[in-house]
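1. Build me a model from this:
(chains A, B, C and D)
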Protein chains: 2
Amino acid sequence: MKKSLADRIEEYIKVLIARSEAQQIEIQRVELAETFSCVPSQVTYVIGTRFTEKAGYITESRRGGKGFIRISCCELDKEAAWESRQELFIFIDRLLEVESISQKEGEMLKHVISKSSKEMAPDQKSQFFDAFKYALADFLKK
Amino acid sequence: MKKSLADRIEEYIKVLIARSEAQQIEIQRVELAETFSCVPSQVTYVIGTRFTEKAGYITESRRGGKGFIRISCCELDKEAAWESRQELFIFIDRLLEVESISQKEGEMLKHVISKSSKEMAPDQKSQFFDAFKYALADFLKK
DNA sequence: ACCTCTTTGACCTTTCTTGACCTTAATACT
DNA sequence: AGTATTAAGGTCAAGAAAGGTCAAAGAGGT
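-> Numbers count the residues shown, from 1 in each chain, chains lettered A, B, ... in the order given. Next comes the predicted model:
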């Protein structure tokens, strides 16, 4: 399949991100458009279709003078968060098994944990899950 | 990110505040403008857009001879977080009263809430407490 | 032919920068 | 004391410099 302009821009951005230190880049929309001799909205299109949250990216931008578009790849963070969550839930399951907490309590905990962390950024989630596990262990120790 | 003049002035002021003893500084608008070779109203702009109450700052000023602009970094966020926390705890107390949850469960919740949020930034705390309350209500509704 | 993804361009919104003009406070001069 | 001067800071609007939106037209595949 012949690569479309959108594909090439996508690739280009991914290389930039890969080369970056913090898995994050900042670009000027017009500059990138000039690089590929296309209209600026093409860049918007590429970002809107390929660098979505679902694909593991977060984008922010600012209009006006010295504006920019920031794209960060948060795949790693997301995975870390997922693992922390898993660990916490497994811990809760173990508490259930040894009957440190009741069935209802386990469900309640899982529910509030999932729901109250929904809006957090990936790395905040990790921290939260870890801290929660620690706090829970701490409470039951007494 | 290419920094705009406004960004640089913002940064500069923040450094000054950080270095200050009482999280508070007093500047001369013209002086600062001269430092950055810009018009004085640029300073007003920066203060008006970045050092807002919502962002946790309080500004006062005086015109005329010996005039000044005072910027203090206040703890609004912290207060907001405290209030969210209070609200959540009061909600939990109410659940205890109407026996939606047990004494032990109430204690457990309060414990894990306090402990797992310890390291969060103030505004994250607010969000977390609010979300937690919502999540808890949601769980018990079922 | 039809459907989906691309490409373009006209128009919109936000943010920043500058400058002319206004208000207030301290001080100097009658 | 009362007024004039001077030294601040405040307001507001215009213009420039980004990025955003949306819909129409184009391209490619089935």
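
2. can you pull the contacts of the residue minimising distance to the centre of chain A?
-> Chain A has A:C74 as the residue nearest its centroid, 4.2 Å off, counting by Cα atoms, centre = their mean. Shown in contact with A:C74 (Cβ atoms under 8 Å, 6 or more residues apart in numbering or on different chains): A:Q23, A:G56, A:Y57, A:I58, A:A121, A:P122. Every residue, glycine included, has its C-beta placed from N, CA and C.

3. how does it look with 7 Å?
-> Applying Cβ atoms under 7 Å, 6 or more residues apart in numbering or on different chains, we find A:C74 in contact with A:G56, A:Y57, A:I58, A:P122.

4. Mind giving me the packing neighbours of the longest helix along chain A?
-> Determined from DSSP state H, the single longest helix within chain A is helix A:75-97. Applying 3 or more Cβ pairs under 7 Å, 6 or more residues apart in numbering or on different chains; DSSP states H and E, one finds that helix A:75-97 contacts helix A:103-116, helix A:122-141.

5. That one vs helix A:103-116, what angle?
-> 170 degrees (axes from the mean of the first three to the mean of the last three Cα atoms, to 10 degrees).

6. quick one: helix A:75-97 to helix A:122-141, angle?
-> Using the same axes, to 10 degrees: helix A:75-97 against helix A:122-141 is 20 degrees.

7. circling back: mind picking the two most distant members of the contacts of A:C74?
-> Greatest spacing in those, by Cβ to Cβ: A:Y57 and A:P122 (11.6 Å).

8. related to what we said a few turns ago, out of the contacts of A:C74, who's nearest chain B?
-> The nearest member of these to chain B, counting by Cβ to the nearest Cβ, is A:P122 at 13.3 Å.

9. three-state assignment of the residue in chain A that DNA strand C sits nearest to?
-> Distances between chain A and DNA strand C by Cβ to the nearest atom of the strand are smallest at A:G64, namely 2.5 Å. Under DSSP: H, G, I helix; E, B strand; the rest coil, A:G64 falls in the coil class.

10. so who does the nearest residue to A:E83 once chain neighbours are set aside touch?
-> Of all residues not flanking A:E83 in the chain, A:S126 sits nearest, at 7.9 Å (Cβ to Cβ, 6 or more residues apart in numbering or on different chains). By Cβ under 7 Å, 6+ apart, A:S126 lies in contact with A:A80, A:A81, A:S84.

11. Now rank those by neighbours and give me the top one.
-> A:A81 (23 neighbours; other Cβ atoms under 10 Å in any protein chain shown).

12. got a pLDDT number for that one?
-> Listed pLDDT for A:A81 reads 88.

13. ditto for the one 3 residues further on
-> Model confidence at A:S84, given as pLDDT, is 95.

14. ok, the residue nearest to it when sequence neighbours are not counted to B:P122 distance?
-> Nearest residue to A:S84 in three dimensions, chain neighbours excluded: A:F129, at 3.7 Å (Cβ to Cβ, 6+ apart). Per Cβ to Cβ, to the nearest Å, A:F129 is found 20 Å from B:P122.
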